[in-house]
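Visitor: quick check, what structure comes out for this input:
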Amino acid sequence: MWALRRASDPLRSPGFSLGTARACYAKLGISSSCIEDKAGILQSPQIIPDRGLHLLRFYHRTHDSSDFSAGRCGFASQAGAESSGEEDDLEDGFSELEIPDSAEAAKGNIAEDEKEDGSSSEDDLSGDEMVDKLELSGSDTEASEKRSPTKRKFSDLFKAIVSSPALSVHSVLDKWVKEEKDLSREEIASAMLNLRKRRMYGRALQLSEWLEASKRLDFEERDYASCLDLISKVRGLHKAEKYIQNIPKSFQGEVIYRTLLANCVMAVNVKKAEEVFNKMKDQKFPITSFACNQLLLLYKRVDKKKIVDVLELMEKENVKPSLFTYKILIDTKGQSNDITGMEEVVKEMKAAGIEPDISTQAIMARHYVYGGLKEKAEAMLKEMEGGNLKEHRWACRDLLPLYAELGQADEVRRVWKFCESSPRLEELMAAIEAWGKLKDVEEAEAIFERMCSTWKKLTSKHYSALLRVYANNKMVAKGKDLVKRMADSGIRIGPLTWDLLVRLHVEAGEVEKAESILQKATQQSQLKPMFTSYFVIMEQYAKQGDIHNSEKMFHKMRQAGYVGRLRQFQCLVQAYINAKVPAYGIRERMKAENVFPNKGFAAQLVHVDAFRKTAVSDLLD
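Guide: The predicted structure follows:
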């Protein structure tokens, strides 16, 4: 992966020079078919050897994957993600940037309005909750952590839309106009922003489509891009592409295609993302840091070998890396446990005049913690505090769980005491998580109750903070009671809650019950369960050497659209290994899905090869 020796690390050269990057890989003997991450798992399908991108174009041979990850999104946000590592650490994915839900499964219908805040695949499930938004105003500078501490006033239009039935937004808007109420661009923008913040994409799309059809708003390129983004989230990429054909040619510019590119990355659709990027180049659109960052995020997930290609392209096209770019590279280095390399990237970033923000420092601190570098982790946490928590208030939400990871209850208590008098919602959730990590369930429960009494309109995301604590502590009865409480409060029970319920029972050793919950959930709702909901069950069956049920879960993942992933085959092969029986045809099955083994998995496959030769078998033959 990116575990390069310091002397050969292309990121060490001044001015972000990457001309020798490919040669560095060759020197280290890293082939195009075998680069492993720290878990020994290659997430990359086959790539074209020595294609060199022609330095400008990207190609993909694997099938068109429909898998996607979900999460937070602003107006066509950077695809990338959080999804809280509390939810899953299958892949230590990018801990800061979360991918919004493409809602491909909606199949042409307007999706549920408030999808749960966590319907995610296995990708990018590790850590923080930071929304890296990029408004489509032409700027490629990622949003910083600066936010107003005061609550925004909701627009009257937003209130009217939210209070209406899910599929009657158009009638509400017709009535709004009839009553001659304010429908200024400012009012519309405020309503749209708040709908997006709450992931009420179905209603937001209805608003956008009504505005376009009624011609109550003179659409500009950003308005078309916003609608395109919503269509992709609610109805899928195919419908989004068809919508572009209806956009006036004069407005089919870079903003439109960068929005489509971001959504292709959100959907982890490598083939389509590369096609869109190449089309942007063919149409002579400028190569921006936004577009390059999308590819970096994509390849960080599916084919880390291609990261260096994107960096070379950026150098060739004189595209300066942004803070977001460096975050991706820092996290990639940290994931490979290349702490020295991670620190070198930080030096390069500073040399380029970009200082790490709090979220970048949190990424580094987390990798120090997981790497067992306690002193460095503590030093980074103190740097995040800056000697004055009042001036670094936004660091608290990261400090609480990170101090908990270090087992420092006194530090957690100190930071929480600072927040306690007037806590923000994310601080309350971080405190629940922190005390859960420290096994102080009573304190976590007390903070949760305070959150419920202070904030009247909570979502499943907020309940999930405590539900996760129960899951991690195998408290099945309390977990069930909390879910019942959610339902009684009128909160939608969806993929994130299902996932935590599954984990709750798996952790308690009740894998059959976990599978039953998942099956009932899929029967009762058309929402797509998270990848991890299937995988944790399959993983348990594999540990037991239960081939029948492992194959069954493998098949169910395929039915849900999770196909062509090396991790699934690794888990399946492990089931055969534990059962001590050969896996007939496994290589052919992998080849059919364009999944190719890395070195570690190749060693596993030898153990289930039906025609494997051993010293004893050769002797007997």
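
Visitor: mind checking pLDDT for Gln46?
Guide: The pLDDT attached to Gln46 in the predicted structure is 30.

Visitor: can you list the low-confidence ranges for the stretch 51-200 of the chain?
Guide: 51-153 (pLDDT under 70).

Visitor: equivalent analysis for the stretch 401-550 of the chain, please.
Guide: Scanning the stretch 401-550 of the chain residue by residue, none of them satisfies pLDDT under 70.

Visitor: just give the number of residues close to the residue nearest to Tyr534 when sequence neighbours are not counted.
Guide: With sequence-adjacent residues excluded and distances taken as CB to CB, 6 or more residues apart in numbering, Tyr534 is closest to Met557, at 4.6 Å. To be clear about C-beta, it is placed using only N, CA and C from the backbone, and glycine gets the same treatment. A count of nearby residues for Met557, using other CB atoms under 10 Å, gives 22.

Visitor: okay but Met557 is in contact with Val563, surely?
Guide: Yes: using CB atoms under 8 Å, Met557 is in contact with Val563, at 7.5 Å.

Visitor: follow-up on the earlier one: alpha carbons of the helix or strand where the residue nearest to Tyr534 lies, as CSV, please.
Guide: Secondary structure from DSSP states H and E places Met557 in helix 547-560. Presented in CSV, the C-alpha positions along helix 547-560 are these (Å, rounded to 0.1, in the frame of the first residue of the first chain):
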residue,chain,number,x,y,z
ILE,A,547,-20.2,-23.2,5.3
HIS,A,548,-23.9,-23.4,4.6
ASN,A,549,-24.8,-20.2,6.5
SER,A,550,-21.7,-18.4,5.3
GLU,A,551,-22.6,-19.1,1.7
LYS,A,552,-26.2,-18.0,2.5
MET,A,553,-25.1,-14.6,3.9
PHE,A,554,-22.7,-14.3,0.9
HIS,A,555,-25.7,-14.8,-1.4
LYS,A,556,-27.8,-12.3,0.5
MET,A,557,-25.1,-9.7,0.2
ARG,A,558,-25.1,-10.2,-3.5
GLN,A,559,-28.8,-9.8,-3.7
ALA,A,560,-28.5,-6.5,-1.8
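
Visitor: who does it touch, helix- and strand-wise?
Guide: Contacts defined by 3 or more CB pairs under 8 Å, 6 or more residues apart in numbering; DSSP states H and E place helix 547-560 against helix 511-524, helix 531-543, helix 566-579.

Visitor: need the contact partners of the first one.
Guide: Pointing back at helix 511-524 there. Applying CB atoms under 8 Å, 6 or more residues apart in numbering, the set of residues contacting helix 511-524 from outside is 498, 501-506, 529, 533-534, 536-537, 540-541, 549, 553, 560.

Visitor: would you turn the helices and strands packed on helix 547-560 into JSON lines with distance to Lys304 and mean neighbour count?
Guide: What follows is the helices and strands packed on helix 547-560, written out as JSON lines (distance: least, CB to CB, whole Å; neighbours: other CB atoms under 10 Å):
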{"stretch": "helix 511-524", "distance to Lys304": "30", "mean neighbour count": "17"}
{"stretch": "helix 531-543", "distance to Lys304": "19", "mean neighbour count": "25"}
{"stretch": "helix 566-579", "distance to Lys304": "12", "mean neighbour count": "21"}
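
Visitor: of all these, which one is nearest Leu406?
Guide: Ranking those by proximity to Leu406 (CB to CB) places helix 531-543 first, at 25.6 Å.

Visitor: how far does the closest one sit from its chain's centre?
Guide: Chain-centre distance of helix 531-543: 19 Å, with CA atoms, centre = their mean, to the nearest Å.

Visitor: start at 81, not 1
Guide: Got it, first residue is 81 now, which makes that one helix 611-623.

Visitor: one step back: and the residue nearest to Tyr614, what does it touch?
Guide: Met637 sits next to Phe611, Tyr614, Phe615, Met618, Val643, Gln648 when contact means CB under 8 Å, 6+ apart.
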